[in-house]
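*Asks:* predicted model and sequence follow; I will ask about them next.
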Amino acid sequence: MGTRNPVRSTRLKAVLGPTNTGKTHLAIERMCAHSSGMIGFPLRLLAREVYDKVCAIKGADKVALITGEERIEPKNARYLLCTAEAMPVSADLAFAAIDEAQLGADRERGHIFTDRLLHARGRDETMILGSATLEPMVRALLPDAEIVSRPRFSTLSHAGARKLSRIPPRSAIVAFSAEQVYAVAEMLRRFRGGAAVVMGALSPETRNRQVALYQNGEVDYLVATDAIGMGLNLDIDHVAFAGLSKFDGVRQRRLTTSEMAQIAGRAGRHQRDGTFGTLAGSGSHDSEFTPEEVYAIEEHRFPPLTKLFWREAEPDCASLSALIADLSRPPERPELAPAPEAVDLAVLRRLAEDPEIAASVRGPALVQRFWATCSLPDFRQHGAETHARFAARLWQDLRHGQLGGDYVAKAIADLDNPGGDIDTLQMRIAAIRTWAYVAQRPDWVLAKEEMAARARAVETRLSDALHARLTERFVNRRTSVLMKKLGPDAGLLPVTLEGDEVRVDGEPIGHLAGFRFRVDPLARLADRKLLLAAAERHLPELRVRRAEALLQSGLEALTLEGAKLAWEGEPIARLEAGRSVLAPRILLDLALDMLPGELKGRILAALEGWLGTALGALAPLRKLEVASAELAGGPELRALLIRLIEQGGLLPRADSGLERLAPDQRDRLRKLGVRVGALDLFVPDMLKPAALASWRTLCAARGSALPAPVPGMPPVVATPGKMATPPGYRRIGKQALRLDIAEKLLRAAHEARVNAKGRPFTIDPALAISTGLATVSYAQLLRLAGFNASVPRPLREGAFGPPQPASWRWRPVRREPSPPSPAPPPPDPGNAFAALATLVR
């Protein structure tokens with residue numbers, strides 16, 4: 001479990017219990033009783049809150065704040081308040097503590113807390129603070145630890161479900177999405193004059209100022225996400241849950257009883273009892289507590305943790321491969337489980353796959369620096385793919401030294417804009433936190449102190465602006481006209497469905513198009529999110545009915561639009577590259593992805609069956625695909641078939657590798673329906689419009705654009721200028737000739753040569769002209785096939801009218817000089833087609 005051997009503390013204590021037991025206060029007291037110490041917290045705002053308290057006790061010159069985005073480190077600091085990630089684990093301090101250690105079971109950050117539990121130690125005393133569910137893990141991993149159980153100071157009781165209009169003052173309403181938070185806050189502004197808003201995406205400054213609105217009595221209600229569950233010590237009498245499920249980054253799921261208790265435990269403080277319940281009117285049984293859950297929360301009885309997530313905290317940086325292998329290594333202890341792939345490791349894997357980036361990471365020092373770059377937190381929550389691109393851009397500079405001051409200053413200045421709405425300001429704050437983190441790294445930025453100060457100043461200005469927007473929107477006492485956008489609490493205003501139309505209090509707010517809810521186009525842009533929240537509670541039922549109707553219809557109204565599958569003109573799924581070129585994967589639209597699992601599976605199976613039929617014109621390619629897997633064909637033939645499949649059954653002969661095929665392989669190729677032409681190899685059936693349209697769909701699924709097939713597939717089409725050559729055609733000058741017609745014309749020329757048996761022969765251009773092919777294009781086609789035409793000088797110079805090609809007379813080329821042929825008769829001026837040509841094949 002790692003190579004570190006921390007100093008063993010003389011006293012290791014685990015203080016476990018529910019919320020409102022004073023665990024953090026005890027840790028502060030114990031740290032201040034020692035000559036030095038540190039405490040690691042799960043959130044930056046908690047570290048900042050405790051930092052202010054310890055500064056008041058010990059003096060600001062002796063206390064340091066260490067987080068990813070902010071570092072205040074006086075020269076003689078002896079007391080460190082940190083986030084868990086920023087804890088200096090190897091520091092020689094008298095006291096050490098880790099708060100909320102049960103987060104070792106968290107999928108994203110659990111391995112950090114597990115490492116701190118195992119390795120963060122003080123010389124004299126170490127405290128592990130957490131939930132009682134952590135006790136089995138402490139006993140197994142730290143058998144020498146003294147376990148102290150802390151009872152809750154007050155009683156927590158279930159108060160049932162209440163409508164929002166009946167929620168008592170000094171209450172917190174907890175929702176699990178920004179849309180729900182906004183909707184509930186809008187309603188409270190109308191009924192109760194306003195509410196403070198607390199979300200995890202807020203900066204600590206904004207959060208503190210919003211909390212001050214509540215604590216100072218300016219508003220009596222607090223609307224928050226589950227971020228309220230950690231560390232906020234507020235005067236809350238009642239906690240109301242707006243829902244009991246949340247999206248955990250992987251799926252939508254019901255809260256565990258421990259999570260419910262963590263949030264409900266915010267009610268009551270010290271000796272004052274608290275209550276918890278739900279908002280009435282949700283119309284769903286899933287939004288009510290079960291008797292078992294109520295008992296568990298009131299009695300503080302929860303399933304114990306059986307595993308903590310672990311990942312090597314000090315991986316081998318000898319090479320990229322060694323680093324990835326060490327980070328992926330499973331733990332040795334049965335009580336520990338391998339941590340799910342976090343964003344930092346996902347970014348590392350993606351960038352390591354880039355040959356150019358991988359080649360730039362050589363030697364332990366660069367590997368360690370590269371890993372630090374990949375570990376940059378994804379404050380913007382954009383996901384591993386987007387975050388990897390940002391990390392790659394940073395690495396371009398960090399691999400050579402430090403980021404330039406001008407580059408960082410410009411990035412910070414671009415974010416220094418306090419304008420915009422709440423969501424825009426939150427996004428800017430997330431972005432400036434990224435640059436604040438970058439500026440805090442010891443060797444990443446030139447003029448580090450100046451850049452860090454600039455980033456902090458911009459974050460402060462943005463936080464002030466965000467606080468002003470939140471206050472203006474949710475605490476403004478002017479009469480609100482937004483009741484039609486009340487969100488998911490149907491108990492306040494009736495939400496009804498009439499056909500596809502969604503109405504709130506009799507007023508239409510939108511309709512269901514396919515499976516997607518479309519907001520009334522007359523609604524203001526600022527109201528869109530609230531309108532969506534108002535309808536969301538009733539959409540699952542209607543979507544289920546829609547899905548059943550889709551299945552019963554036999555998918556007759558289904559169409560393919562590029563890589564999208566549409567029903568009644570609305571997208572319901574899209575195609576992306578699958579296990580093979582001819583087997584794309586179907587990804588359901590997000591609206592369908594929220595359907596019950598069994599119904600979603602039936603729809604997916606039906607769509608796959610429909611797609612197989614819709615792409616039936618690709619049967620010739622499927623035949624080639626089967627043959628390409630047969631070992632008997634030989635590697636040369638199989639390679640050619642694979643290339644044919646990848647090019648949609650149309651392949652230039654010059655690039656095909658046909659010359660490497662043995663006679664029996666060529667025979668097998670012909671039996672598979674592949675026509676070997678003078679210029680191209682092609683499958684005739686793939687020149688049909690339906691087949692080309694199907695192939696274009698597969699190209700779109702792979703992210704490549706293919707020109708649309710020409711309607712009717714005429715023999716010749718004009719291709720002026722830079723117009724793309726249509727699929728199934730060969731470009732010849734300013735025209736494009738269908739592949740099978742080109743082969744037909746060249747075969748006629750070849751047969752004329754063969755039939756001449758060495759004597760001069762004439763090719764009648766009537767066949768080419770009948771297709772619409774210009775004579776100049778016909779001449780170019782013959783040249784491409786190896787024919788070289790020559791025209792007599794009188795005709796070439798226009799002695800008999802405007803010079804133009806003619807019927808071509810052909811004779812075989814001889815290696816030795818031969819007597820000149822008799823002069824041809826003078827051409828007929830009325831016949832514009834007369835010429836001599838020599839076969840040079």
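*Replies:* Thanks, I have the structure now.

*Asks:* rest of the way, CA atoms for contacts and neighbours
*Replies:* Will do.

*Asks:* find the helix or strand that the residue lying closest to residue 252 once chain neighbours are set aside is a member of.
*Replies:* Of all residues beyond its chain neighbours, the one nearest residue 252 is residue 246 (5.4 Å), with distances taken as CA to CA, 6 or more residues apart in numbering. In this structure, residue 246 sits in strand 245-247 according to DSSP states H and E.

*Asks:* what residues sit buried inside the helix ranked longest in the chain?
*Replies:* With DSSP state H setting the assignment, residue counts place helix 448-474 as the longest helix in the chain. By 16 or more other CA atoms under 10 Å, the buried positions in helix 448-474 come out as 448, 451-452, 454-456, 458-471, 473-474.

*Asks:* over to stretch 769-780?
*Replies:* The neighbour-count criterion (16+ other CA under 10 Å) identifies 772, 773, 774, 775, 777, 778, 779, 780 as the buried residues of stretch 769-780.

*Asks:* looking at strand pairing, list the partners for the closest residue to the last one other than its chain neighbours.
*Replies:* Spatial nearest neighbour of residue 780, chain neighbours left out: residue 732 (6.7 Å); criterion: CA to CA, 6+ apart. Using DSSP bridges, the bridge partners assigned to residue 732 are residue 735.

*Asks:* quick check: pLDDT value at residue 732.
*Replies:* Confidence per residue is given as pLDDT, and for residue 732 that number is 90.

*Asks:* tell me who's in contact with it.
*Replies:* With contacts defined as CA atoms under 8 Å, 6 or more residues apart in numbering, the neighbours of residue 732 are 777, 780, 781.

*Asks:* list the helices and strands the helix or strand harbouring the second one packs on?
*Replies:* Counting by DSSP H and E, the element that carries residue 780 is helix 775-784. For helix 775-784, the contact count by 3 or more CA pairs under 8 Å, 6 or more residues apart in numbering; DSSP states H and E identifies strand 729-732, helix 766-770, strand 787-790 as packing neighbours.

*Asks:* now stretch 314-330 - C-alpha only, CSV.
*Replies:* What follows is the C-alpha trace of stretch 314-330 in CSV, where atoms were taken according to Å, rounded to 0.1, in the frame of the first residue of the first chain:
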residue,chain,number,x,y,z
GLU,A,314,3.5,8.1,-4.8
PRO,A,315,3.6,6.2,-8.1
ASP,A,316,6.8,5.2,-9.9
CYS,A,317,7.7,8.1,-12.3
ALA,A,318,10.6,6.3,-14.1
SER,A,319,8.5,6.3,-17.3
LEU,A,320,5.0,6.9,-18.5
SER,A,321,4.2,3.2,-18.7
ALA,A,322,5.6,2.7,-15.2
LEU,A,323,3.5,5.6,-13.9
ILE,A,324,0.2,4.3,-15.5
ALA,A,325,0.9,0.8,-14.3
ASP,A,326,1.6,1.9,-10.7
LEU,A,327,-1.6,4.1,-10.7
SER,A,328,-3.6,1.1,-12.0
ARG,A,329,-2.1,-1.4,-9.5
PRO,A,330,-4.7,-3.0,-7.2
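
*Asks:* for it, list every residue counted as buried.
*Replies:* Buried residues in stretch 314-330, defined by neighbour count with 16+ other CA under 10 Å: 315, 316, 317, 319, 320, 323, 324, 326, 327, 328, 329, 330.

*Asks:* likewise stretch 363-377?
*Replies:* Using 16+ other CA under 10 Å as the test for burial, stretch 363-377 gives 366, 367, 368, 369, 370, 371, 373, 374, 375, 376, 377.

*Asks:* stretch 271-283 now?
*Replies:* Neighbour-count burial for stretch 271-283 flags 273, 274, 275, 276, 277, 278, 279, 280, 281, 282 (criterion: 16+ other CA under 10 Å).

*Asks:* next one: stretch 141-160
*Replies:* Residues of stretch 141-160 classed as buried under the neighbour-count rule (16+ other CA under 10 Å) are 145, 146, 147, 149, 150, 152, 153, 154, 155, 156, 157, 158.

*Asks:* could I have the helix holding residue 780 exported to CSV, CA atoms only?
*Replies:* The C-alpha trace of helix 775-784 is given here as CSV (Å, rounded to 0.1, in the frame of the first residue of the first chain):
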residue,chain,number,x,y,z
THR,A,775,-15.2,14.5,-76.7
VAL,A,776,-12.4,16.2,-74.9
SER,A,777,-13.4,14.3,-71.7
TYR,A,778,-13.5,11.1,-73.8
ALA,A,779,-10.0,11.7,-75.0
GLN,A,780,-8.8,12.3,-71.4
LEU,A,781,-10.5,9.0,-70.3
LEU,A,782,-8.6,7.1,-73.1
ARG,A,783,-5.3,8.7,-72.0
LEU,A,784,-5.9,7.7,-68.4
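
*Asks:* let me see the ranges of the helices in the stretch 351-500 of the chain.
*Replies:* 355-359, 364-374, 384-398, 405-415, 422-440, 448-474 (DSSP state H, counting those that start in this stretch).

*Asks:* low-confidence ranges in the stretch 101-250 of the chain?
*Replies:* Low-confidence segments of the stretch 101-250 of the chain, defined by pLDDT under 70, span residues 230-232, 249.
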